[in-house]
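Participant: give me the fold of what follows.
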Amino acid sequence: MGTGHPADVLQRALAGAGVRGGEVIVPSYGTLEVAEAVRQAGGVPVFADIDADTFCVDPAAVEAAVTARTQAVVPVHQFGHRADMVRIGRLAERRGLFVAEHEVQRTSSVETAMRQANAAYLIQRLTDVVTPRVHPGAGHTFLQFVVRVPGNGRPDRDAFARTLRARGVRCRVPVQTPVHRMPLFRRDVWLPETERAADECLALPVDAGMTRRELQRVVSACNALGGLLQPA
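Facilitator: Just a heads-up that it's a prediction; the model follows:
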């Protein structure tokens, strides 16, 4: 879509597509900047639910959100996992919608390869959290390594995070509040996968410069906190 800050590029693309006054379908699970770019372009953000595995907007939820006023859809490549552009592209072609892909950040090929190697190490060794799932052919650059801690709700995830930090492991909640619950964009809509991800998800360190010892520290700290997961 061009160069510049991703949100500015997105706003220009939507404005150029003439979305003023029309609805633009976006995910609520993610950053505020996507909905804000839609608003700045003169559009009305409509929030769709996410896919439980990828955290990207669910094509089925996008289709369900389409109305006569829908003009565009913004698939966000969440945490480095690509959205399902094939299904979204087919839907957009069928319904005459403009598609504006959005990626929050990009990394060099070398950094991406190192992150992917670190992520593979963590996925293989972590046992008491739900590790990222990559859909076949989608690709994942692991800008963030987001796991689920699906105990009995948010307190378990937050207690897990506090204990990790006390043991020297950097971690953060990637999305504290879905955008559809923020005052500026509050909508009376139920997005179950979005709400569940907001309660369960935690981003663990996967930086390209991490050493094997640092990765092992993450694994040891997480695996020592077993017992928070519900039975399969």
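Participant: what about the helices in the protein?
Facilitator: 6-16, 32-40, 59-65, 85-95, 109-125, 154-166, 192-200, 212-223 (DSSP state H).
Participant: distance from the first one to the middle of the chain?
Facilitator: This means helix 6-16. 20 Å (CA atoms, centre = their mean, to the nearest Å).
Participant: residue 135: which of the helices of the chain is closest?
Facilitator: Between residue 135 and these, the shortest separation by CB to CB is 10.6 Å, and it involves helix 85-95. Using the backbone N, CA and C atoms, a C-beta is placed for each residue, glycine as well.
Participant: outside of the closest one, which residues touch it?
Facilitator: 57, 59, 62-63, 66, 70, 73, 75, 97-99, 101 (CB atoms under 8 Å, 6 or more residues apart in numbering).
Participant: any chance of those in a markdown table, with pLDDT too?
Facilitator: Below are these laid out as a markdown table (pLDDT from 0 to 100):
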| residue | pLDDT |
| --- | --- |
| 57 | 97 |
| 59 | 98 |
| 62 | 98 |
| 63 | 97 |
| 66 | 98 |
| 70 | 98 |
| 73 | 98 |
| 75 | 96 |
| 97 | 97 |
| 98 | 97 |
| 99 | 97 |
| 101 | 90 |
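Participant: dump these to CSV, plus neighbour count.
Facilitator: Output for these, formatted as CSV (neighbours: other CB atoms under 10 Å):
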residue, neighbour count
57, 29
59, 22
62, 27
63, 17
66, 18
70, 22
73, 29
75, 26
97, 22
98, 18
99, 17
101, 18
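Participant: name the nearest residue to residue 66, sequence neighbours excluded.
Facilitator: Distances taken as CB to CB, 6 or more residues apart in numbering place residue 95 nearest to residue 66, at 5.6 Å, with adjacent residues excluded.
Participant: could you check the pLDDT of the one you found?
Facilitator: Looking at residue 95, its pLDDT stands at 96.
Participant: which ones are touching the residue sitting nearest the centre point of the chain?
Facilitator: Geometric centre of the chain, nearest residue: residue 78, 3.4 Å, by CA atoms, centre = their mean. Contact partners of residue 78, counting by CB under 8 Å, 6+ apart, are 27, 29-30, 50, 54-56.
Participant: and for the residue nearest to residue 182 when sequence neighbours are not counted, the neighbour number?
Facilitator: Nearest residue to residue 182 in three dimensions, chain neighbours excluded: residue 32, at 6.6 Å (CB to CB, 6+ apart). By the measure other CB atoms under 10 Å, the count of residues near residue 32 is 13.
Participant: repeat for the one 4 residues further on
Facilitator: A count of neighbours around residue 36, defined by other CB under 10 Å, yields 17.
Participant: got the buried residues for stretch 196-209?
Facilitator: Within stretch 196-209, the residues that count as buried by 16 or more other CB atoms under 10 Å are 196-206, 208.
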